[in-house]
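*Asks:* What follows is a protein structure lacking sequence information:
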């Protein structure tokens, strides 16, 4: 069954945090931020850039680009972060209402920065199993930058976190930009390595917890995590891509573009090298930082703008999320109607 991407949408806040500002906040040399961490600047939220709201803006853009009546959407899947306007709140239902998808139903899903990869598989599987679901909108926002303390060296690898929203519309029978295979790996041995210590049932958010900074992201065992994670993470990136390609009837030699999350430069290059993919077949998001699960959609849009995608190209979306989760989707780009 053909299930293809009809359109995408991205929303980025106007406000930016530069590499120099990060360096000053963190007490780091500028060259470490720019060359090792790979951050020139990143979008950060303005006063009205709430998480769900950024997803709504991105969704409206995707709908406009598709020239679609929102009432033809059958399902809305919220792919944004749990950190949003209100706790214990289903943002997908609000998003469905605001875009006018009155005939759809909605729910939220989450796998941290692996959410988009996972949700694309989930949407495809639902569309395949349920004949009443023909058009699915995936949309959400991200602003986990709110949880970063630049004076905490344990979270240095997350100084790239930014803010933004993104959306994808999938349609059954759409022969362009076909969604092929997906592969995911999760490893619960790392599930409590990166957490926000305060605010849950273990450590309620009290005045004392706020004073101690327990509402911010932290790494409970930084040396242990690094020792256990480094090589496993790189191997799992490659394994997910290889397995997703195999499920799609493709090989690494077929890859024409890799839409990868933002991470340090050496890791980005390492993954491409292991896949045998030239550096120019990917875009390093040094001017955007890491907008969580929105990175792959942003990378796709940038690739289209820069003329990096053509009909028949095999495109791989690659992600990793704390927890830890790794994933990859394969898309055969273009075809009938081309890409939007």
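*Replies:* It's in. A quick note: this is a predicted structure, and the numbers were derived from the prediction, not measured.
*Asks:* tally of neighbours for the closest residue in space to residue 118 that isn't next to it in sequence?
*Replies:* With sequence-adjacent residues excluded and distances taken as Cβ to Cβ, 6 or more residues apart in numbering, residue 118 is closest to residue 111, at 4.5 Å. In short, each C-beta sits where N, CA and C put it, glycine included. The tally of other residues near residue 111 (other Cβ atoms under 10 Å) stands at 21.
*Asks:* quick one: pLDDT of residue 111?
*Replies:* The pLDDT attached to residue 111 in the predicted structure is 97.
*Asks:* cool, the one 10 residues further on as well?
*Replies:* Model confidence at residue 121, given as pLDDT, is 98.
*Asks:* Likewise for residue 158?
*Replies:* For residue 158, pLDDT reads 97.
*Asks:* ok, now residue 292?
*Replies:* 98.
*Asks:* same check, this time on residue 335
*Replies:* 81.
*Asks:* Equivalent analysis for residue 338, please.
*Replies:* Reported pLDDT for residue 338: 45.
*Asks:* got it, and residue 83?
*Replies:* pLDDT at residue 83 comes out at 97.
*Asks:* Report the secondary structure state of it.
*Replies:* coil (DSSP: H, G, I helix; E, B strand; the rest coil).
*Asks:* now it: how far from residue 89?
*Replies:* 11 Å (Cβ to Cβ, to the nearest Å).
*Asks:* Neighbour count: these two, which is higher?
*Replies:* Of the pair residue 83 and residue 89, residue 83 is the one with more neighbours under other Cβ under 10 Å, namely 16 against 13.
*Asks:* show me the contacts for the more buried one.
*Replies:* Contact partners of residue 83, counting by Cβ atoms under 8 Å, 6 or more residues apart in numbering, are 51, 143-144, 146-147.
*Asks:* Going through these, which ones are buried?
*Replies:* For the contacts of residue 83, a burial check counting by 16 or more other Cβ atoms under 10 Å picks out 51, 143-144, 147.
*Asks:* so residue 244 touches residue 329, yeah?
*Replies:* Yes: the criterion here is Cβ atoms under 8 Å, and residue 244 meets it with residue 329 at 6.3 Å.
*Asks:* shared neighbours of these two, anything?
*Replies:* The contact lists of residue 244 and residue 329 share 180-182, 316, where a contact means Cβ under 8 Å, 6+ apart.
*Asks:* Between those residues, which sits nearest residue 96?
*Replies:* Proximity of these to residue 96 (Cβ to Cβ) peaks at residue 182, which lies at 24.2 Å.
*Asks:* so who does the closest one touch?
*Replies:* 117-118, 120-121, 124, 244, 247, 327-330.
*Asks:* picking that back up, out of the contacts of residue 83, which two are the most distant from each other?
*Replies:* 51 and 147 (12.2 Å).
*Asks:* Strands of the stretch 101-250 of the chain, residue ranges please.
*Replies:* Listed in chain order, the strands of the stretch 101-250 of the chain (DSSP state E, counting those that start in this stretch) span 105-108, 135-142, 164-172, 178-186, 194-195, 218-219.
*Asks:* burial measure for residue 130, as a count.
*Replies:* There are 12 residues near residue 130, going by other Cβ under 10 Å.
*Asks:* go on, residue 179?
*Replies:* 23.
*Asks:* residues contacting it?
*Replies:* Residue 179 touches 3-5, 120, 124, 170, 329-331, counting by Cβ under 8 Å, 6+ apart.
*Asks:* Quick one: list the elements packing against the longest helix along the chain.
*Replies:* In the chain, assigned by DSSP state H, the helix with the most residues is helix 222-247. Judged by 3 or more Cβ pairs under 8 Å, 6 or more residues apart in numbering; DSSP states H and E, helix 222-247 is in contact with strand 178-186, helix 265-275, strand 314-321, strand 325-332.
*Asks:* Report the angle between the third one and helix 222-247.
*Replies:* In this case it means strand 314-321. Counting by axes from the mean of the first three to the mean of the last three Cα atoms, to 10 degrees, strand 314-321 lies at 150 degrees to helix 222-247.
*Asks:* pLDDT (mean, whole number) over strand 314-321?
*Replies:* According to the model, strand 314-321 has a mean pLDDT of 97.
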